[in-house]
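**Student:** Please find the sequence and the predicted model below.
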Amino acid sequence: MANDSTAFVAGLEDVVANTSNICFVDGKEGRLVYQGYDIHDLIAGHATFEEVIYLLWHGKLPNKTELQQLTQEIANERKLDEPTLKLLKSLPKNSNAMEVLRTAVSFLGLYDPDEGHETLEANLRKATRLVAKIPALVTGFERIRQGLEPVQPDTTLSAAADFFYQLNGKKPTEFEEKAFNIALILHADHELNASTFSARVTAGTLSDMYSAITSAVGTLKGPLHGGANEQVMKMLLEIGDINKAEAWIENALEQKKKIMGFGHRVYRTEDPRATHLRQLSKQAGELKGETKWFEMSQIVERVVKEKKGLNPNVDFYSASMYYSLGLPTHLYTPIFACSRIAGWTAHVLEQYQNNRLIRPRAEYTGLTHAQFVPIEQR
Ligand SMILES: CC(=O)SCCNC(=O)CCNC(=O)[C@H](O)C(C)(C)COP(=O)(O)OP(=O)(O)OC[C@H]1O[C@@H](n2cnc3c(N)ncnc32)[C@H](O)[C@@H]1OP(=O)(O)O
Ligand SMILES: O=C([O-])CC(=O)C(=O)O
């Protein structure tokens, strides 16, 4: 039934829900821009993830002092407190890593010293803690799951390097740090993707930062969104053999199955992030001496392009790259969250600064004048 607002658009495709200065996705030209800066330039200029966080939050690149200060603040906030470690240790070891993250992010809010304070300064401090602690939650639970103690963060390391250190108790190689730093930059924000939208909807009710980020983590988990990277690797492992890839994909497409890591709501070109991740996946495979997963990915890409005209998205080549970096498959989506927390928090801060409740309409398709029947007569 028509209501008094605009027509129904399935999946809100191309509906503009808010204005924003944070991120521009040009789906026709295949460009991704953070606060005016093209991601290709940020990577060519060797930006750090911390530099991009500053950019997303403050709308300008930091100077040396500002970058050092934010980098140190993030490093100092990485350590998990006792109640959080106790929580992680109490969870079932076979829990889904994104469900653990969703639970733990919500839990962190209870202990945040700025809980209940909603000034910009308090929310920036909460955002700093979230950026710092999400990787600690992901790596900490992974170690606990394996029967190991969490590793204390090394505050002298970059966010990229400390992820490996907290996961393995070992500093990464130069290439691992560089590749992971680029992956963190590439996943940091993407306009009104589903999880960011969900964070903004929660913030739009003037609920708190932790509630908004808990909503976002739950939304990122789904396989049509951030969960696709893990599904891509599962698919490659299931194919198992380069010689089987072409037939496997053809068969899946004939059965009308979706190939994870392909297609996008906005890009009609190659996802500009996939260009970097393809290259990094190749390099990571070569350095490991096992190019099988990269080669298989290339075959999958060719067949999906030929048969469906679809391009790989950010989740496709990140999978084989993370695999070659030795990262466990079930951590791929939590790793996405370690990066996207930068964008989520930037959008929540922006939402608070210019807030209006987000409340669309539904096109009602049910009955309107049903006659109530007393229970004895039904
Ligand atoms: C970080 C991110 O969130 S990036 C996206 C990660 N998600 C994935 O990789 C999952 C696989 N991809 C998809 O499911 C979709 O392409 C999405 C969810 C990304 C975008 O969805 P939508 O914009 O709603 O496109 P929709 O699903 O309607 O697809 C349009 C057509 O292309 C087909 N199509 C889209 N993606 C794929 C795919 N990966 N494999 C096969 N066919 C596909 C659909 O079946 C549909 O065909 P039809 O018109 O014949 O029914
Ligand atoms: O923008 C989207 O819909 C999905 C996406 O690529 C992202 O969140 O990075």
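**Tutor:** Perfect, thanks for sending it. Every value quoted in this text rests on a predicted model; they were computed, and no experiment measured them. Ligands and ions are numbered 1, 2, ... in the order given.

**Student:** Quick check: phi and psi on Gly30?
**Tutor:** When read as degrees, to the nearest 10, the backbone of Gly30 gives phi 70, psi 50.

**Student:** Measure how buried it is and give me the count.
**Tutor:** Neighbour count of Gly30, defined by other CB atoms under 10 Å: 18. Every residue, glycine included, has its C-beta placed from N, CA and C.

**Student:** Ok, Thr291 next?
**Tutor:** 18.

**Student:** And the one 5 residues further on, by the same measure?
**Tutor:** Taking other CB under 10 Å as the criterion, the count of residues near Met296 is 22.

**Student:** Enumerate every residue touching it.
**Tutor:** Shown in contact with Met296 (CB atoms under 8 Å, 6 or more residues apart in numbering): Leu236, Ile239, Ile242, Ala245, Ser320.

**Student:** Quick check: which element contains it?
**Tutor:** Following DSSP states H and E, one finds Met296 within helix 292-308.

**Student:** do you know how far the closest residue in space to Arg102 that isn't next to it in sequence is from ligand 2?
**Tutor:** With CB to CB, 6 or more residues apart in numbering as the criterion, Arg102 has its nearest non-adjacent residue at 4.4 Å, and that residue is Val217. Between Val217 and ligand 2 the computed distance is 13 Å (CB to the nearest ligand atom, to the nearest Å).

**Student:** next one: Lys60
**Tutor:** Where ligand 2 is concerned, Lys60 sits at a distance of 23 Å (CB to the nearest ligand atom).

**Student:** Can you tell me, leaving aside adjacent residues, what's nearest to that residue?
**Tutor:** Gln35 is the one closest to Lys60 (CB to CB, 6+ apart), at 7.2 Å.

**Student:** before we move on, the earlier item: would you confirm that the residue nearest to Arg102 belongs to a helix?
**Tutor:** Yes: assessed with DSSP: H, G, I helix; E, B strand; the rest coil, Val217 lies in a helix.

**Student:** what number of residues lie near it?
**Tutor:** 28.

**Student:** what's it in contact with, if anything?
**Tutor:** Met98, Leu101, Arg102, Val105, Ser195, Ala337.

**Student:** want to throw those residues into a markdown table with pLDDT and distance to Lys256?
**Tutor:** As requested, the contacts of Val217 are exported to a markdown table (pLDDT from 0 to 100; distance: CB to CB, whole Å):
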| residue | pLDDT | distance to Lys256 |
| --- | --- | --- |
| Met98 | 98 | 27 |
| Leu101 | 98 | 32 |
| Arg102 | 98 | 31 |
| Val105 | 98 | 36 |
| Ser195 | 99 | 27 |
| Ala337 | 99 | 30 |
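
**Student:** Which residue comes closest to the spatially most central residue of the chain once chain neighbours are left out?
**Tutor:** Centroid check for the chain by CA atoms, centre = their mean gives Phe336 as the closest residue, at 3.4 Å. Leaving aside its chain neighbours, Phe336 sits nearest to Gly226 (4.3 Å; criterion: CB to CB, 6+ apart).

**Student:** Now the residue nearest to the centre of the chain: which helix or strand?
**Tutor:** Short version: Phe336 belongs to helix 332-353, going by DSSP H and E.

**Student:** quick one: the residue nearest to Lys60 and His276, what's the gap?
**Tutor:** Look at Gln35 and His276: by CB to CB, to the nearest Å, they are 19 Å apart.

**Student:** hang on, the earlier thing: for the contacts of Val217, could you give me a markdown table that also reports secondary structure and distance to ligand 1?
**Tutor:** Below are those laid out as a markdown table (DSSP: H, G, I helix; E, B strand; the rest coil; distance: CB to the nearest ligand atom, whole Å):
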| residue | secondary structure | distance to ligand 1 |
| --- | --- | --- |
| Met98 | helix | 14 |
| Leu101 | helix | 16 |
| Arg102 | helix | 17 |
| Val105 | helix | 19 |
| Ser195 | helix | 8 |
| Ala337 | helix | 11 |
